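pasting a predicted model and its sequence here:
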Amino acid sequence: MKEVKPDYTSDKSKKIQVEEMFDSVAPRYDFLNRFLSLRIDTLWRKKAISYLIESKPQLILDVATGTADLALEINKQLNPEKIIGLDLSEQMLVVGRKKISKANLDSKIELVKGDSENLNFEQNYFDAVTVSFGVRNFENLDKGLSEINRVLKVGGKLVVLEFSNPKAFPIKQLFGFYFKFILPNISVLINKNSGNAYKYLPESVKYFPEGNDFANHLRNCGFNNIIVKPLTFGTCTIYVAQK
């Protein structure tokens, strides 16, 4: 699997580059996401959370939580006892904490700065783990998935929401053109600091091991009962796995 980084001219690790990239776009991240995805991302999140309704998890870890969009939606849909959101980018967390405070949910949703590949939690700790649009950014995919498996309780579920590459004509061609040419240019017009982030996005999606390939990574990291559910003509995929 090719390592995709925001800036190939830099000697910094992918992890540091991703952190700095999201720190730079944090103030306008939510607006850009809604604008550039036509708000479809909100529907994808709701669909992903629906896979946890039956198991009723009470302690949930949201990895790569960003500005806490998924954490807030989890609370709305599932009303668990506690959600911990973890992210590399402190500036994304600053935005997320403001949204949580505005919703008066500080006692239920806690955001912490941390590394998905070195989770500072006990083994068999969480009832469920979620990751939305974050596994592509792991520096070491299998290490991150193995860490998630470690902190997940036996029988607990992992739900991953991630971009994928549509295969059918003409969606494949339209998606590729939008991702490569339209999205980066519009994002720069809105926020001059977003250039690298939205140029990195299509390349990271292109080389991500999606579908059955990602399912094999999950199996190799200790997961089973894997579900692969493409959404919106294959532009996004939900992965559900159990420890």
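Cool, the structure landed.

ok, Ser55 to Val240 distance?
10 Å (CB to CB, to the nearest Å). No exception for glycine: its C-beta is placed from N, CA and C like everyone else's.

what do the two both touch?
Shared contacts of Ser55 and Val240 (CB atoms under 8 Å, 6 or more residues apart in numbering): Lys157.

in terms of neighbours, single out the busier of the two.
Using other CB atoms under 10 Å, the more surrounded residue of Ser55 and Val240 is Val240, with 18 against 14.

could you pull up the residues touching the residue lying closest to that one once chain neighbours are set aside?
Ranked by CB to CB, 6 or more residues apart in numbering and with sequence neighbours excluded, the top spatial neighbour of Val240 is Ile227, at 4.1 Å. Taking CB under 8 Å, 6+ apart, we find Ile227 in contact with Tyr51, Ile238, Tyr239, Val240, Ala241.

any chance of those residues in TSV, plus pLDDT, secondary structure and distance to Asn140?
Listed next are those as TSV, based on pLDDT from 0 to 100; DSSP: H, G, I helix; E, B strand; the rest coil; distance: CB to CB, whole Å:
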residue	pLDDT	secondary structure	distance to Asn140
Tyr51	98	coil	26
Ile238	98	strand	23
Tyr239	98	strand	18
Val240	98	strand	22
Ala241	98	strand	18
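
just give me the closest of the residues you listed to Leu158.
Nearest to Leu158 among those is Ala241, at 4.7 Å by CB to CB.

what about the closest one, neighbour count?
Around Ala241 there are 27 other residues, counting by other CB under 10 Å.

ok, it - contacts?
Here Ala241 is in contact with Lys157, Leu158, Val160, Ala215, Leu218, Phe223, Asn224, Asn225, Ile226, Ile227 (CB under 8 Å, 6+ apart).

can you tell me which of those residues are buried?
Buried members of the contacts of Ala241, counted by 16 or more other CB atoms under 10 Å: Lys157, Leu158, Val160, Ala215, Leu218, Phe223, Ile226.

residues making contact with the longest strand seen in the chain?
Longest strand in the chain by number of residues (criterion: DSSP state E): strand 152-163. The contact list for strand 152-163, computed with CB under 8 Å, 6+ apart, reads 44-45, 48-49, 51-52, 55, 57, 70, 124-136, 148-149, 201, 205, 208, 210, 214, 218, 223, 235-243.

and whichever helix or strand comes after that strand, C-alpha only, in PDB?
Remark: after strand 152-163, the chain's next helix or strand is helix 171-177, criterion DSSP states H and E. Once non-C-alpha atoms are left out, helix 171-177 reads as follows in PDB (Å, rounded to 0.1, in the frame of the first residue of the first chain):
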ATOM      1  CA  ILE A 171     -20.200   8.200 -11.700                       C
ATOM      2  CA  LYS A 172     -16.500   7.100 -11.600                       C
ATOM      3  CA  GLN A 173     -15.500   9.700 -14.100                       C
ATOM      4  CA  LEU A 174     -17.600  12.500 -12.600                       C
ATOM      5  CA  PHE A 175     -16.300  11.700  -9.000                       C
ATOM      6  CA  GLY A 176     -12.700  11.600 -10.200                       C
ATOM      7  CA  PHE A 177     -13.000  15.000 -12.000                       C
END
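
quick revisit: dump the contacts of Ala241 into CSV; add pLDDT and distance to Glu90 as well.
Listed next are these as CSV, based on pLDDT from 0 to 100; distance: CB to CB, whole Å:
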residue, pLDDT, distance to Glu90
Lys157, 98, 28
Leu158, 98, 25
Val160, 98, 23
Ala215, 98, 33
Leu218, 98, 29
Phe223, 98, 30
Asn224, 98, 35
Asn225, 98, 35
Ile226, 98, 33
Ile227, 98, 33
